[in-house]
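>>> Kindly generate the corresponding structure for this input.
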Amino acid sequence: MSGRRKVLVAGAGALGLTTALALAEAGLDVAVHDPAALGDNASGVAAGMLAPVFEAALDPLARPHFDLLMAARDLWPALAKRTGIVLDRTDALAVGEGPWLHETAACVRSLGAAIRTAGRAELEQAAPGLAPGFRQGFAVAGDWRLDAPAALAALRGAGEAAGVVFRHDMVETPAGFDLLVVATGAGRGLGGLAPELAGLVPIKGHILRASGALGAVLRSFGVYAVPGGGGLLVGASMELGLDDRRVDARQVGRLRAAAARLFPTLAEAPVAAAVGVRAATADGLPLVGPSAAPGVLIAAGARRNGWLLAPLVAQVIAAYVAQAEPGAFAARLDPRRALSPRG
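Numbers count the residues shown, from 1 in each chain. Next comes the predicted model:
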């Protein structure tokens, strides 16, 4: 019988699978429990962007944590090499009306990130069918992306090879395990096991899939388009406080209209909508580390950056489990902040 510590990871999204792999590679017995099919979660629906630059430039909550986002991104090449995940490092592009484009470029520069001008010829090559009114944009080299469903499959395969056991069920009590890692988004059903989970707020998000060719991530005002699924993905809505996965025709219409400003043919083209539910904290960073509840750790609440943050979250959790130094960002991620009066 193995004398190794046994860890139960609840949740098979980007955070759960990456954490499970890190713990198994550290020599622990790891079991992942999730009642949903692989990819039937927010991580599987996501666009798969590893985008510290544009996320910090466009999201006020993310901006103060640009250093943390960059550090997370820099962990991805090693993880991708171990798991076979393909990283697309093509420069991301931004197009839009003059004021928005200038303001966004200024935000990017304020982060210390470099940009270069992208003329109409480059835009047409990367985004065939782009509306003719977009004559110029700019490119950023620091943002990458991955194919989310393929990455989930690769992480599961790497986990199985490392000895992770996968169970198609929901965690009720962590009996028979030394540690529980909660990586289940809003953590519904597990709130009694970790009081910090009460501080997470669900966010419902729609994303559209459409036919078309796209060679790079394209950012614009209130919308993005990325290559994916044999066509392109357009996203995304952020509906705070909603946790259902029903498709809302109004949100689909809003996203279609935004997409049609970029690609006029999408005004009438067939689209398929998908919905995911993420979880968020008040400060936009996930809860990562020990819970106030004994034997419980949390890796949840990454808002819109679950894929980007996954290897950093896994590294921090693995350090806590090993009783090692959790790193420079652990204090910002500490779940105890969710229990403070301002949490």
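>>> per-residue confidence at residue 229?
We note a pLDDT of 77 for residue 229 in this prediction.
>>> okay but residue 226 is in contact with residue 51, surely?
No: with contact defined as Cβ atoms under 8 Å, residue 226 does not count as touching residue 51 (9.7 Å). (Glycine included, C-beta is placed from N, CA and C.)
>>> All the helices of the stretch 1-150 of the chain, residue numbers only.
Using DSSP state H, counting those that start in this stretch, the helices of the stretch 1-150 of the chain run over residues 14-25, 42-45, 52-58, 66-74, 76-83, 98-110, 120-126, 148-161.
>>> Need the winner for burial among these.
Greatest average neighbour count among the helices of the stretch 1-150 of the chain goes to helix 14-25 (a mean of 28), per mean count of other Cβ atoms under 10 Å.
>>> Show me the shaky parts of the stretch 1-150 of the chain.
1-3 (pLDDT under 70).
>>> Please report how far residue 285 lies from residue 330.
As judged by Cβ to Cβ, to the nearest Å, residue 285 and residue 330 stand 11 Å apart.
>>> For these two, indicate the residue with more neighbours.
Per other Cβ atoms under 10 Å, whichever of residue 285 and residue 330 has more neighbours is residue 285, with 24 against 16.
>>> doesn't the more buried one fall inside a helix?
No: in this structure, residue 285 is coil, not part of a helix, as judged by DSSP: H, G, I helix; E, B strand; the rest coil.
>>> so what's in contact with residue 226 and residue 51 at the same time?
145, 217 (Cβ atoms under 8 Å, 6 or more residues apart in numbering).
>>> out of the two, which sits in the busier spot?
residue 51 (28 against 24).
>>> Which residue, other than its chain neighbours, is closest to the more buried one?
Nearest residue to residue 51 in three dimensions, chain neighbours excluded: residue 143, at 3.9 Å (Cβ to Cβ, 6 or more residues apart in numbering).
>>> List the residues that contact the one you found.
Neighbours of residue 143 in contact, by Cβ under 8 Å, 6+ apart: 49, 50, 51, 52, 53, 54, 92, 217.
>>> how far away is it from residue 196?
Taken as Cβ to Cβ, the span from residue 143 to residue 196 is 30 Å.
>>> swap in residue 118?
According to Cβ to Cβ, residue 118 stands 43 Å off from residue 196.
>>> neighbour-wise, which of those two wins?
Taking neighbours as other Cβ under 10 Å, residue 118 and residue 196 compare with residue 196 leading, 27 against 21.
>>> remind me which residues of the stretch 151-300 of the chain are low pLDDT?
Checking the stretch 151-300 of the chain against pLDDT under 70 turns up 186-189, 191.
>>> And the residue nearest the centre of the chain, how far from residue 18?
Nearest to the geometric centre of the chain sits residue 306, at 2.6 Å (Cα atoms, centre = their mean). For residue 306, the distance to residue 18 (Cβ to Cβ) stands at 10 Å.
>>> ok, how many other residues are close to residue 323?
7.
>>> Next: residue 292.
Residue 292: 13 surrounding residues under other Cβ under 10 Å.
>>> Domains in the protein, by residue range?
For the chain, the domain assignment from automatic domain parsing gives the residue ranges 6-56+148-199+282-339, 93-141+202-280.
>>> which of the contacts of residue 143 lies closest to residue 65?
In terms of Cβ to Cβ, no member of these lies closer to residue 65 than residue 52, at 9.0 Å.
>>> contacting residues for the residue lying closest to the closest one once chain neighbours are set aside?
Spatial nearest neighbour of residue 52, excluding adjacent residues (Cβ to Cβ, 6+ apart): residue 69 at 3.5 Å. Counting by Cβ under 8 Å, 6+ apart, residue 69 touches 52, 55, 56, 62, 305, 308, 309.
>>> hmm, try it at 10 Å
Residue 69 is in contact with 50-53, 55-56, 59, 62-63, 111, 142, 285, 305, 308-309, 312, counting by Cβ atoms under 10 Å, 6 or more residues apart in numbering.
>>> Strand partners (parallel or antiparallel) of the helix or strand residue 206 falls within?
Taking DSSP states H and E as the criterion, residue 206 maps to strand 201-210. Strand 201-210 sits in its sheet next to strand 231-235 (antiparallel), strand 239-240 (antiparallel), strand 271-280 (antiparallel), going by DSSP bridges.
>>> What is whatever helix or strand residue 251 lives in packed up against?
Using DSSP H and E, residue 251 falls within helix 249-262. When contacts are defined as 3 or more Cβ pairs under 10 Å, 6 or more residues apart in numbering; DSSP states H and E, helix 249-262 packs onto strand 201-210, strand 218-220, strand 223-228, strand 231-235, strand 271-280.
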